[in-house]
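Asker: Could you look at this predicted model? Sequence included:
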Amino acid sequence: MKLAMMHCALFCGIVSVVHTQNMTVGQFMKDQSLQDSIVATIVSDHALMSKVIDNIAQHRQLHEMVIQHLTRLLNESPRTGGGHDHASHETQSRYAGNETREIKALSESEVTSFLNGEGMGLAMAAELNHYPGPRHVLDLGDRLRLTGAQRRTIEESFDRMHLEAVRLGKQLVEKERDLDKSFASTMIDPKSLKRLTEATEALRARLRGVHLAAHIEVRNVLTPDQVESYDRIRGYASAH
């Protein structure tokens, strides 16, 4: 029972974050690397865990999806008696199947998201701490009662962010492809590994900074009441 409750709490948190990033549960369930990233973020931040678990109760459709997928998750979990059954442990790698990817470290959906300049959760530190994102603010413009001047400023911010995110995303995908090819060819060595990984992570850091900077720009344009309304509409905890 305790294990089931732990599964429920973690899974509710994961699906809630997926919901706020405008993904489908199906996309998330097929993307192992993104699962790892989101789980790591939630588990490492107790405050975030609390927020997302509270958030799940506010979305009826999301709650129904959680129940369906949680039921499947628990049904697939190994059941053991009082003893410890070593034979029940999975031996197959959770990465099985990923070896067929063009770029092993990136799923097809991640490649597409990078090339399209999408956020991919890179701005969660801002989004979940009352710094609204430009795309969602524009989508909610009428409900937030944006003025004409605010809308124009935020549109400019989004356009700058998106243009740079697409540029950096393309470069990042190419660096990941180079890294993959180096391992596939067995020509990798410590020197080239250092060069490739440092270049890749530098691009990832710059890309994250682009998305986070746009959230800062947007908050500076909005009024405190609009920020509060945004958090409420998006289902985030209202406490600052």
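Answerer: All right, it came through fine. Computed from a predicted structure; not experimentally measured. Numbering: from 1, shown residues only.
Asker: Which parts of whatever helix or strand Phe183 lives in count as buried, going by neighbours?
Answerer: Using DSSP states H and E, Phe183 falls within helix 148-184. Applying a neighbour-count criterion of 16 or more other Cβ atoms under 10 Å, one finds 150, 153-154, 157-158, 161-162, 164-166, 168-169, 171-173, 175-177, 179-180, 182 buried in helix 148-184. (Each C-beta comes from the backbone N, C-alpha and C, glycine too.)
Asker: now for it, which elements pack on it?
Answerer: If contacts are counted by 3 or more Cβ pairs under 8 Å, 6 or more residues apart in numbering; DSSP states H and E, helix 148-184 sits against helix 108-115, helix 134-139, helix 190-221.
Asker: Out of the ones you listed, which is closest to Glu127?
Answerer: Comparison of the helices and strands packed on helix 148-184 against Glu127 by Cβ to Cβ identifies helix 190-221 as nearest, at 6.6 Å.
Asker: which other helices and strands contact the next helix or strand after that closest one?
Answerer: Toward the C-terminus, helix 190-221 is succeeded by helix 224-234 as the next helix or strand (DSSP H and E). Here helix 224-234 touches helix 134-139, helix 141-144, going by 3+ Cβ pairs under 8 Å, 6+ apart.
Asker: Name the stretch among these that sits most buried.
Answerer: Counting by mean count of other Cβ atoms under 10 Å, helix 134-139 has the highest mean neighbour count of those, with a mean of 19.
Asker: can you list the residues that contact that one?
Answerer: 119, 144, 146, 151, 154-155, 157-158, 161, 214-215, 217-218, 222, 230, 234 (Cβ atoms under 8 Å, 6 or more residues apart in numbering).
Asker: hmm, 10 Å instead?
Answerer: Outside helix 134-139, the residues within contact range by Cβ atoms under 10 Å, 6 or more residues apart in numbering are 20, 22, 118-119, 123, 127, 133, 144, 146, 150-151, 153-162, 211, 214-215, 217-219, 221-222, 226-227, 230, 233-234.
Asker: Need the helices and strands packed on helix 224-234 in JSON lines (columns: mean pLDDT and distance to Thr197).
Answerer: Shown next, in JSON lines, are the helices and strands packed on helix 224-234 (pLDDT from 0 to 100; distance: least, Cβ to Cβ, whole Å):
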{"stretch": "helix 134-139", "mean pLDDT": "97", "distance to Thr197": "30"}
{"stretch": "helix 141-144", "mean pLDDT": "97", "distance to Thr197": "41"}
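Asker: Rebuild those helices as JSON lines, extending it with distance to Thr200.
Answerer: Below are the helices and strands packed on helix 224-234 laid out as JSON lines (distance: least, Cβ to Cβ, whole Å):
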{"stretch": "helix 134-139", "distance to Thr200": "26"}
{"stretch": "helix 141-144", "distance to Thr200": "36"}
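Asker: for these, which one sits closest to Thr112?
Answerer: When the helices and strands packed on helix 224-234 are ranked by proximity to Thr112 (Cβ to Cβ), helix 134-139 comes first, at 16.5 Å.
Asker: thought Leu122 was touching Gly209?
Answerer: Yes - using Cβ atoms under 10 Å, Leu122 is in contact with Gly209, at 9.0 Å.
Asker: Show me whatever sits in contact with both of those two.
Answerer: Joint contacts of Leu122 and Gly209 (Cβ under 10 Å, 6+ apart) do not exist.
Asker: Looking at these two now, which is surrounded by more residues?
Answerer: Leu122 (21 against 14; other Cβ atoms under 10 Å).
Asker: now the chain, which segments are flagged as low pLDDT?
Answerer: For the chain, applying pLDDT under 70 flags the ranges 1-90, 238-240.
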